[in-house]
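Chemist: generate a structure from the sequence data that follows.
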Amino acid sequence: MSVEFWFLIGAVLVFWMQAGFAMVETGFTRAKNAGNIIMKNLMDFCIGTVVFSLLGYTLMMGEDTLFGLIGKPNLDLFTHFRDFIASPENGFTGASYFVFNLVFCATTATIVSGAMAERTKFSAYCVYSGVISLLIYPIEAHWVWGGGWLSALGFHDYAGSCAIHMVGGIAALVGAIVLGPRTGKYVRDKAGKVVKVNAIPGHSIPLGALGVFILWMGWYGFNGAAATTPSELSSVFLTTTIAPSVATCTTMIYTWIKNGKPDVSMCLNASLAGLVGITAGCDALDAVGTAAVGVVSGILVVVVVETLDLKCHVDDPVGAVGVHCVNGIWGTLAVGLLANPDAPAGLHGLLYTGEFKQLGIQLLGFAVVAAWAVITMLTFFTILKKLDFLRADPADELAGLDSSEHGLPSAYADFMPSVDKYTTSGGNEAPIVVTGTTPAAEAIPVKREPSFSGDGHKFTKVEIVFKEERLYALKDAMSRLGITGMTVSHVMGFGIQKGHTEFYRGVAVETDLRPKVQVDIVVSKIPVRDVIETAKSVLYTGHIGDGKIFVYDVENVVKVRTGEEGYDALQDVE
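Modeler: Numbering: from 1, shown residues only. Next comes the predicted model:
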């Protein structure tokens, strides 16, 4: 297999990471915005391809000009196509370089989607995708990889901790700050001070996990595609495996100790954080240095996600800033600290050789690229906000961007949509706006059925609401008691369990609707007390939430098939 063939296969793996980002962002946000998330991840690649081919690629990889600040723009892709796809004596074809750099550009763009999810206008996101792929990413990437001034100094960012992940993470941070939090995320007092932080869990952890596994797989191409020898490729694969594994284990232990239970979503973030952390130095670190990167990444992602949310009140639904921005910075600096001269890159890290030079270059590179990203993205998002072009209308946000932006009632058409818990920014019930003219008595009618004079037997309905796992035990117990029929329904229950607090990404989760099972039994001959005591003995575990039993008088029972009523309708004997 030729090196150029592997180079292109690596580009395909990086493209496949778009699916991973889409799944992570969809799973970590609410179902009413799933279609919008998918559309944004699709379009930032498609729009990015258009503008990158027109100008972005040559700004990044064109002939060095303006003292290494930008590449010289040209239209060789369109005007000299034969030469563009011709195989040179050394290196790869222009077409291969174009595709490879395009998929990396798209990765930078898509990082922002999750941090600004659920409240950004789709049109604004499309403009953002064009701008970052046309100008912002290509210029700083030229400094790092296109023969620009940073690469001339010896700055090392093998696969993009700085040029891609830190830049995308900074854009995400700036965008989230300028845009503001989702409606209902923070409760403020009259003075505007945040007095409460609400957890808004994503709707599908399995989708998020699928996205992480897709991204991890794609990362072998992300980090390894530029490798030119088996030794270099195997070293890159090794470090790309160790760092996320160690980071995830670290986060699991850290959240387990901190919250009493290991946090699933944080561990998923930690895998990505470890991957981001090792991306710059995947060819420059040994196994020990890689493990150190993983440990720090696993702690950093938790601390940053929780600090942004609980202290800084920056709403980042998917943890993009903690994963990409902060760990991108850490990965960039880790090269200067932990590079081992025996690794393929042959760099001299401070902790291995005592030499400060590489760390100083890494610090300089981080500082100038970060400054470029902050200045350009802050200017861009501020202009969009001033033009009232950035944030979706509050009503559209509450309804869900699937509906308001795309005319999509639900991304899950066969499933019942969930009820949004947070309806106002203040956390209190908003006054209902009356827009119709139908009288209340007609809009919400109350019907009273006439009394029924039965056959003298007393009928009682016993309604039992409990945890689903006890259903078959209850059914068997009732059968032994002589109950031959019951109605089983899946319901959602709401209740407060005192002294029991769960956490989602470090934020206490308020009592919410929980899935339960409801069993309805109508009895006449069998004593009601026997039914109640049997149910209690089967369902009782000694924990809050075992269940509740309700008892009602029933006026009549009618068997539809035979027309029998009253006591006879309850008998199953034919």
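
Chemist: return the residues in contact with Ala392.
Modeler: Residues near Ala392 by CB atoms under 8 Å, 6 or more residues apart in numbering: Arg119, Thr120, Lys121, Leu401, Ser404, Glu405. Any C-beta I mention is one placed from the backbone N, CA and C, and that applies to glycine too.

Chemist: quick one, phi psi at it?
Modeler: Backbone torsions for Ala392, taken as degrees, to the nearest 10, come to phi -70, psi 160.

Chemist: when you give positions from now on, start the count at 55
Modeler: Okay, residue one is now 55; in that scheme the one you just asked about reads as Ala446.

Chemist: quick one: distance of the helix or strand hosting Ile437 to the chain centre.
Modeler: Secondary structure here is read from DSSP states H and E; on that basis Ile437 sits in helix 411-440. Taking CA atoms, centre = their mean, to the nearest Å, the mean C-alpha location of helix 411-440 is offset from the chain mean by 25 Å.

Chemist: could you say what helices and strands that helix packs with?
Modeler: When contacts are defined as 3 or more CB pairs under 8 Å, 6 or more residues apart in numbering; DSSP states H and E, helix 411-440 packs onto helix 176-185, helix 191-199, helix 203-207, helix 221-233, helix 381-392.

Chemist: including mean neighbour count, mean pLDDT and distance to Met93, could those helices go into CSV?
Modeler: Formatted as CSV, the entries for the helices and strands packed on helix 411-440 read as follows, by neighbours: other CB atoms under 10 Å; pLDDT from 0 to 100; distance: least, CB to CB, whole Å:
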stretch, mean neighbour count, mean pLDDT, distance to Met93
helix 176-185, 19, 97, 7
helix 191-199, 26, 96, 21
helix 203-207, 17, 95, 35
helix 221-233, 26, 97, 17
helix 381-392, 27, 98, 26
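
Chemist: need the ones you listed in CSV (columns: distance to Ser141).
Modeler: Putting the helices and strands packed on helix 411-440 into CSV (distance: least, CB to CB, whole Å) gives the following:
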stretch, distance to Ser141
helix 176-185, 32
helix 191-199, 21
helix 203-207, 25
helix 221-233, 32
helix 381-392, 33
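
Chemist: nearest to Val57, of those?
Modeler: Comparison of the helices and strands packed on helix 411-440 against Val57 by CB to CB identifies helix 191-199 as nearest, at 17.4 Å.

Chemist: so which elements touch that closest one?
Modeler: Secondary elements touching helix 191-199 (3+ CB pairs under 8 Å, 6+ apart): helix 111-115, strand 124-125, helix 148-169, helix 203-207, helix 411-440.

Chemist: quick one: closest of those to Ser215.
Modeler: The closest of the helices and strands packed on helix 191-199 to Ser215 is helix 411-440. By CB to CB, the value is 9.3 Å.

Chemist: what lines up beside the lengthiest strand in the chain in the sheet?
Modeler: Within the chain, and with DSSP state E defining each element, the longest strand by residue count is strand 568-577. Listed by DSSP bridges, the sheet partners of strand 568-577 and their directions read strand 513-520 (antiparallel), strand 541-547 (antiparallel).

Chemist: the first one: what's the following helix or strand?
Modeler: This means strand 513-520. Next in sequence after strand 513-520, counting helices and strands by DSSP H and E, comes helix 525-535.

Chemist: what comes up buried for that following helix?
Modeler: Leu528, Ala531, Met532, Leu535 (16 or more other CB atoms under 10 Å).

Chemist: go through these and name the one nearest Glu409.
Modeler: For the buried residues of helix 525-535, the nearest to Glu409 is Leu528 (71.3 Å; CB to CB).

Chemist: all the strands of this protein, in order from the start?
Modeler: For the chain, the strands defined by DSSP E cover 118-119, 124-125, 240-242, 248-251, 513-520, 541-547, 556-558, 561-563, 568-577, 601-608.

Chemist: which stretches of the stretch 405-554 of the chain have low pLDDT?
Modeler: Per-residue confidence of the stretch 405-554 of the chain (counting by pLDDT under 70) places the weak regions at 470-510, 547-554.

Chemist: would you confirm that His378 contacts Met220?
Modeler: Yes: here His378 reaches Met220: they are 7.0 Å apart, a contact under CB atoms under 8 Å.

Chemist: could you check the pLDDT of Thr119?
Modeler: Per-residue pLDDT puts Thr119 at 86.

Chemist: returning to that earlier point: so which of the contacts of Ala446 wins on neighbours?
Modeler: Most neighbours among the contacts of Ala446, by other CB atoms under 10 Å: Leu455, with 27 neighbours.

Chemist: with adjacent residues omitted, what lies nearest to that one?
Modeler: Using CB to CB, 6 or more residues apart in numbering and skipping the chain neighbours, the partner closest in space to Leu455 is Asn90 (3.9 Å).

Chemist: that neighbour and Gly461 touch, don't they?
Modeler: No: applying CB under 8 Å, one finds Asn90 not in contact with Gly461, separated by 11.2 Å.
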